[in-house]
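Colleague: got a predicted structure here, sequence first:
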Amino acid sequence: MAILEVKDLVVSVEGKRILNGVSLSLEEGKVHALMGPNGSGKSTLAFAIAGHPGYVIESGRIFFVGEDITEVPPHERARKGLFLGFQYPPEVEGVRLREFLRLAAANCQEPFCEFQKLYREALEYLHMEDLGERELNVGFSGGEKKRSELLQMRVLRPKVALLDEPDSGVDVDALRLIASGIEEAARSGTAVLLITHYPRILEYLPPAKVFILDEGRVVKEDGPELAWEIERTGYEAVR
Ligand SMILES: Nc1ncnc2c1ncn2[C@@H]1O[C@H](COP(=O)(O)OP(=O)(O)OP(=O)(O)O)[C@@H](O)[C@H]1O
Ligand SMILES: [Mg+2]
């Protein structure tokens, strides 16, 4: 069943049109890869779906579990079970990771005792015990920031997770950990949109579908073999 549906989305940022009519749908419990050249609009699509106010939807609709959420504010989208893992996770001074996530979990109606258990388990799973009491991403290494995004997804257990390059800049052990965390989320029902430049992560978690975005449009969609075809031939072949 399609849990998230994007229809003909046209999006502008600061008056510049970036997405020119993107349509795609994500299914429950499946991993979908989104690939495309630098600047093709992948992060823009993720921000627009999450409801970032700087990304103006000129036309098109976004449906979440059948409900039109195009005009719904971002925190309510999050409450409904939509999660965005950033390509460049921001550092937030003065806010502890634990506190931030406790409030986010409460926003998603997670009882406090359940949160404590989930947080402890997620820290262990992602080998982040030393980071659990630190300020949100402050001074985290690149790879630690990516694990921090995964930790948030693991605690919040979203219906849809948009993961913007969770594999960029992470070491080989962290890559395996991140891939298995994503796989577990999908197995428990989360629909995943995995933005990546590398088919390597897809070896660990074969996607049901691969979408290729180019110049703000989905130019091709196919099975996992499409990621390898792109690796061999580059994007010229799908233009
Ligand atoms: N705030 C902004 N002001 C002007 N242009 C912007 C802004 N945000 C994004 N863009 C432009 O939108 C285009 C798409 O950017 P986006 O970050 O979505 O690309 P991407 O596919 O995620 O690329 P990458 O693979 O490098 O992460 C780029 O040309 C970018 O410069
Ligand atoms: Mg990007």
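Modeller: Yep, that arrived. Ligands and ions are numbered 1, 2, ... in the order given.
Colleague: what's the span of stretch 33-43, first residue to last?
Modeller: One end of stretch 33-43 to the other measures 13 Å (CA to CA, to the nearest Å).
Colleague: what's the average pLDDT for it?
Modeller: When pLDDT is averaged over stretch 33-43, the result is 98.
Colleague: end-to-end on stretch 178-196?
Modeller: One end of stretch 178-196 sits 13 Å from the other (CA to CA).
Colleague: which bits of this protein sit near ligand 2?
Modeller: Residues of the chain found near ligand 2 (CB under 5 Å from the ion) are Lys42, Ser43, Gln87. All C-beta atoms are positioned from the backbone trio N, CA, C, and that covers glycine.
Colleague: could you list which of the residues you listed also contact ligand 1?
Modeller: Among those, the residues within reach of ligand 1 (CB under 6 Å from any ligand atom) are Lys42, Ser43, Gln87.
Colleague: which residue would be the closest one in this structure to ligand 2?
Modeller: When distances are taken as CB to the ion, the chain reaches nearest to ligand 2 at Ser43, 3.2 Å away.
Colleague: got the contact list for that residue?
Modeller: Gln87, Asp164, Ile195 (CB atoms under 8 Å, 6 or more residues apart in numbering).
Colleague: so where is this protein shaky, pLDDT-wise?
Modeller: By pLDDT under 70, the chain has no low-scoring segment.
Colleague: show me where it has its helices.
Modeller: Secondary structure of the chain (DSSP state H): helices located at 42-50, 74-80, 97-107, 112-125, 142-156, 172-187, 200-204, 225-233.
Colleague: setting aside sequence neighbours, what's the nearest residue to Arg147?
Modeller: Leu126 (4.7 Å; CB to CB, 6 or more residues apart in numbering).
Colleague: that neighbour reaches Ser180, doesn't it?
Modeller: No - Leu126 lies out of contact with Ser180 (CB atoms under 8 Å); the separation is 10.2 Å.
Colleague: who has more neighbours out of those two?
Modeller: Higher neighbour count among Leu126 and Ser180: Leu126, with 21 against 14, using other CB atoms under 10 Å.
Colleague: give me the nearest residue to Arg176, chain neighbours excluded.
Modeller: That would be Tyr204: by CB to CB, 6+ apart, it lies 6.5 Å from Arg176.
Colleague: how much space separates that neighbour from ligand 1?
Modeller: 21 Å (CB to the nearest ligand atom, to the nearest Å).
Colleague: what of Val95?
Modeller: Val95 is 24 Å from ligand 1, by CB to the nearest ligand atom.
Colleague: who's in contact with that residue?
Modeller: Per CB under 8 Å, 6+ apart, neighbours of Val95: Glu135, Leu136.
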